[in-house]
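Undergrad: Task: produce atomic coordinates for the following.
(2 chains)
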Amino acid sequence: MKKIFFLILLVVLPISAFGADPSEDRPCWSFEAKGGSFAPALPEWRQYYGKRSMPEYAVSLAYKFLRQVEIGVEGGASTAKGSGYELIHSQNAGQPVYGGNVTYTIYPVNVFVLFRGIVNENQWLVPYVGGGFTRMYYEEKIEGQGTTHGRTDGYNYRGGLQLLLDGMDRDAANNLYLDYGVYHTYFFVEAEKTHAVEKSSSADLGGTAYLMGLLFEF
Amino acid sequence: MKKDRPLFMLAVAVVLFTAILPKSVLATTRVVVTNASQCPADAVTNGTCYTSLAVAITAALAGDSIEIKPGIYHGNFTINQNITQISGDETGRTFLTGDGAGTALTIGSVPGTISIRRLTFSNAQTGILAQNSPAITMTNNAFQVGSNNTAIQLANSPNANITNNTFYLDANGIISDQSTVTIVNNIFSNQQTTAIDARIAVTGISNNLFFTYGSIGPAISFVTTDTANYKGNLRDQDPKLVNITSTDQTLWDYHLQATSPCIDTGNASAGNDSVDGSAPDLGAYGGSFADTIPFQVSNVVLTSPTTSVLSITWNANNAYTVAGYHVYYGSASGVYNGTGASEGPSPLLVTGATTTTLSNLPSAGPPSTPTGLSVSPLNESLAISWTAVPGATGYKVYYAPASLATPTAFIEVDGATSCLVTNLTNSRLYNVQVSAISQEATYIAVTAVDKTGLSAGGSTPGVSHESAYSAEVTAGTGTVQESPLSPVLQEYPDPLIPYPNLPTRQGCFIATAAFGYYSDPNVQALRDFRDRFLVTNGPGRAFVGWYYTHGPAAAAWLNDHPGYKPVVRLVLLPAVGMSLFLTKTSLAVKISTLLLAACLVVLLVQRKQLSRQGGSR
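TA: Have a look, this model is predicted:
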C-alpha cells in the first residue's frame, strides 16, 4: 500500500511543474546538510549494538532542471559501536555469546531524482519525493582481528517536507542572498529508505533514516 | 590639622610629580625569555616579559634596561634608543647568534651610557657594531663569531670601555676608527687576523692576554721591566679555558682552569671577582660584574645500579672556581628531599671526586593483590584487565594452558591496567592470574658548587655559586616487591564474528584468493560447510583454528603467484562439490544419492566378478 502511494506521488508531483510560473531568475542549485537517526534493516542489529538506530549525517548537492525536478548526489556517514559474537563460545553454549568490540560504519552515496510539489516561489511548505541509486561503502573494525571493508549497491527512496524560512526573517534572507547568493533557505524533515544487500552474506545494509536539516538554494 | 598641612601638600606634590613624570624617567627592566614559563612573576604582572628580543628592544624606552634569560636568540638586533643596559643572567648560557649573517647586535647613535654585559656572541659577521655611540661599555661577554668575522667594530664611537671579555676564534677582536678605547682584562685567543685595531692608542690597553693571533695591532710592550710602557699585558700563554672547542655552542665554557695564567692577574679597576672576592681574573668571568653560576654538570650516569646501591658518576667541571658537587636525590621527579640513604640526606656534598654512591635506600612495601580481573576472548588472544593497585609500579600477567598446574609465562606491564596476550590457540583453555609489583624509584641530579657556595654564604642551584641541576637520572631502588597472585580466571581464545559478517574486498583465505573474490559461490559453499559441519564439533574447530592461522599466509602466497590459481581451483572443486551437496541438498536427496552410489558400487563389483568368472571359464 505504501509503495503504491509512493508511486502515485512520484507521478503526480511532476505534473505541478506545468502549473508553475515560467522560470525567471530562479536558483538552479541546492545544498543541504542534515542529520538524524538511521535504523538499520538488519534483523538482529539491536542484540549486537544495543540500540535500534545509529546517528547519520549527510550532505547533498543537487541541480534543478525545473523548480519541480532535480537530480543530485548525496554522501553520508553513520557509525555504531557494539559487540560481535564469539564463534566457539556460541557453538558450545548453543546460543550467541556476545563479546569484543566491533565498530561498524557505513558511508551511503546516493544519486537521486527528486520531485518537488512547488507551484509558487514563495510557497512556504513544499512536499517532495524521490529515489535513486545507492552505493553503500562499509567498514567493520573488529577488535584484535583488523578491519574489513567493501561496498555493495542498491537503491533508495525518500519523501519529506521543506519549510521555507525566508519569511521568518526577511532581513536575514536578503543578507544571505546579497552576501552568498542564497535565494531560499528551507528547513526540512525527511524519511529515507535504503536497500543495499551484500550478496555473500545476504545482509541488507540499508534501513530507514529520519533526518532533518537545512537546504540552501543558490 | 594645620600642623599636618605641609606634609599633606608634600604628598600631593609627590603624587602629581610622579603622574606627570615622563615615562623615560621611570626606568623599567624588560625581561626576555625563550619560553614564557621562564618569566618572573613581577614581569608577568607588569607586562614587561617578552619571548622576542626584538619586540623587547622596540618596547624599551630611554632609561630602560633589558635582562635576557639563558637561551639562544637568533637574528640581528638593533638598539637605537638610550637603553642603559642589555645584559644576560649567565654569560655562557645566553647567546645572541647571527646564524652566520649580519651583525648580532647593533648600537646605533645612542648618545648616553649603554652597558652590554654577560652575553655570548656567536656565528655572526660582526658580534657588536657600535655607531656614533660615545659612551658604550662591554663587560663579561664572550665572542666566538667565526674565524672570518669581527667580534667588535666601533665606528665613530670613542671612549668605549671593553673590560673582562673573552675573544676566541674570530678574525678580528676589536676594530675601531677612534683611538680612545679602554681595553682591560680581556682574553684574546686564536684571533686569525688582528686582536686589536692598530689605530687604538696603547695607553688604554692593559692587563689583557694574547694567545695565538695573526697580529696584536698596537705596539704593546710585554717587557715587564719596561716600567714606562708595560701595562700588565701577557702574550703567548694559553689562557686554559675550560671548553671552547665543542661543536655544540651550548657546551662552550669560558671559565678558567686551575692552571690558567689569567687567575687574579687583572687590573683592579674592574673590581674584585664576584665569585670569590679575590683580585680580578682576566676574561668573561673576572671582575665584579661576572655571573657566579658555574656551568651545569654533564653526563650524569648511574653505573651498575643494583636494588640496594646506586653508583653515580659525572663529568668533572674543570673551572678552577668549582670546589665540589652537590648530589641531590628524592623519590619524585624534581623533588630532591631524600633522607634515607646511608651517606646522608640530600644534597650530598662530594669534593675531590666525580663519583659517589647512594646505599640502603628505602624499599616500598608490598602492594596488595589486584582485584577486578576480567578476561575477554579474542581471536588467538585474550584481553585482560584489572583494577589498579595503589602504589604499584607495574604488574605481571601470568598465563598458561589450563592443563599445566603452574603459570609458565608472564607479561610485565608498566603502569597500565590492561594487556593483550597474543599468539594463543583458539578454543584452548588458559589460566590467567595477575600480581602487582612495586619498587621505590630514586631521582638524582648533580650540581657544581664554587668555593663561596661551600662557605657560610651558601648557594642556590642556578642562582648563585651553584650551577643549575644537571639532567635528571632515575632508577628503581630497594627490593622489588610482588603481591600474591590474584585468583585464577579461565578462558579460551575465540574468533570474534562481527554483525553483519561482511566480507572484505581483500581476500584473506586460500579459496578467496583462488576464486578471485569473497562472494564467489564456490567460496560461499565452503564457508557454509565450515559453519554447519566444522565449527560445530571439536576436531572441526581445531581444523578451523589451524586454517585461520595458516590460511592468510597461503592466500598471500597465492596472490603473489597468480599462475597457480587455476590449479588450486581445480584441487578445491571436489571440496566445493561436496560442500554444495552436503549443505544445499535435502536429507532425501542425500540418502537417495548415497543409495545410488551404493548400488553403483555393488553393480561394479558384481560386473567385475562376472568378468573374472568368464575369464576363468
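Undergrad: which residue sits farthest out from the middle of chain A?
TA: Most distant residue from the mean C-alpha position of chain A: residue A:92, 41.1 Å away (C-alpha atoms, centre = their mean).
Undergrad: Wasn't it part of a strand?
TA: No. In this structure, residue A:92 is helix, not part of a strand, as judged by DSSP: H, G, I helix; E, B strand; the rest coil.
Undergrad: what about it, distance to residue B:541?
TA: Going from residue A:92 to residue B:541 by C-beta to C-beta, to the nearest Å gives 9 Å. Where C-beta positions appear, they are placed from N, C-alpha and C, glycine not excepted.
Undergrad: Could you export stretch B:601-610 as CSV, CA atoms only?
TA: Taking Å, rounded to 0.1, in the frame of the first residue of the first chain, the C-alpha atoms of stretch B:601-610 are listed here in CSV:
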residue,chain,number,x,y,z
VAL,B,601,29.4,-49.8,-6.4
VAL,B,602,27.6,-53.1,-6.0
LEU,B,603,26.9,-53.3,-9.7
LEU,B,604,30.5,-52.6,-10.5
VAL,B,605,31.8,-55.2,-8.1
GLN,B,606,29.3,-57.8,-9.5
ARG,B,607,30.3,-56.9,-13.0
LYS,B,608,34.0,-57.4,-12.2
GLN,B,609,33.3,-60.7,-10.5
LEU,B,610,31.3,-61.9,-13.5
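Undergrad: Tell me who's in contact with the residue farthest from the centre of chain A.
TA: By C-beta atoms under 8 Å, 6 or more residues apart in numbering or on different chains, the contact list for residue A:92 is empty.
Undergrad: Please repeat the previous calculation with a cut-off of 10 Å.
TA: A:86, B:427, B:492, B:494, B:536, B:538, B:541 (C-beta atoms under 10 Å, 6 or more residues apart in numbering or on different chains).
Undergrad: Tell me which of these fall in helices.
TA: Among the contacts of residue A:92, the ones falling in helices (DSSP state H) are B:538, B:541.
Undergrad: By neighbour count, which of the contacts of residue A:92 wins?
TA: residue B:494 (29 neighbours; other C-beta atoms under 10 Å in any protein chain shown).
Undergrad: Check the gap between that one and residue B:272 for me.
TA: Residue B:494 is 82 Å from residue B:272, by C-beta to C-beta.
Undergrad: Chain A contacts on the stretch 251-400 of chain B?
TA: Within the stretch 251-400 of chain B, the positions lying close to chain A (C-beta under 10 Å from any C-beta of the partner chain) are B:376-383.
Undergrad: if we go to 7 Å?
TA: B:376-379, B:381 (C-beta under 7 Å from any C-beta of the partner chain).
Undergrad: From these, pick the one nearest chain A.
TA: residue B:378 (3.5 Å; C-beta to the nearest C-beta).
Undergrad: Is it correct that the closest one is in contact with residue A:144?
TA: Yes. With contacts counted by C-beta atoms under 7 Å, residue B:378 reaches residue A:144, the gap being 3.5 Å.
Undergrad: Spit out the residues that contact these two alike.
TA: residue B:496 (C-beta atoms under 7 Å, 6 or more residues apart in numbering or on different chains).
Undergrad: okay, these two: which has more neighbours?
TA: Under the criterion of other C-beta under 10 Å, the comparison of residue B:378 against residue A:144 puts residue B:378 first, with 25 against 19.
Undergrad: residues in contact with the more buried one?
TA: A:100, A:143-144, B:493, B:496 are the contacts of residue B:378 under C-beta under 7 Å, 6+ apart.
Undergrad: ditto for residue B:484
TA: So residue B:484 contacts B:369, B:435 (C-beta under 7 Å, 6+ apart).
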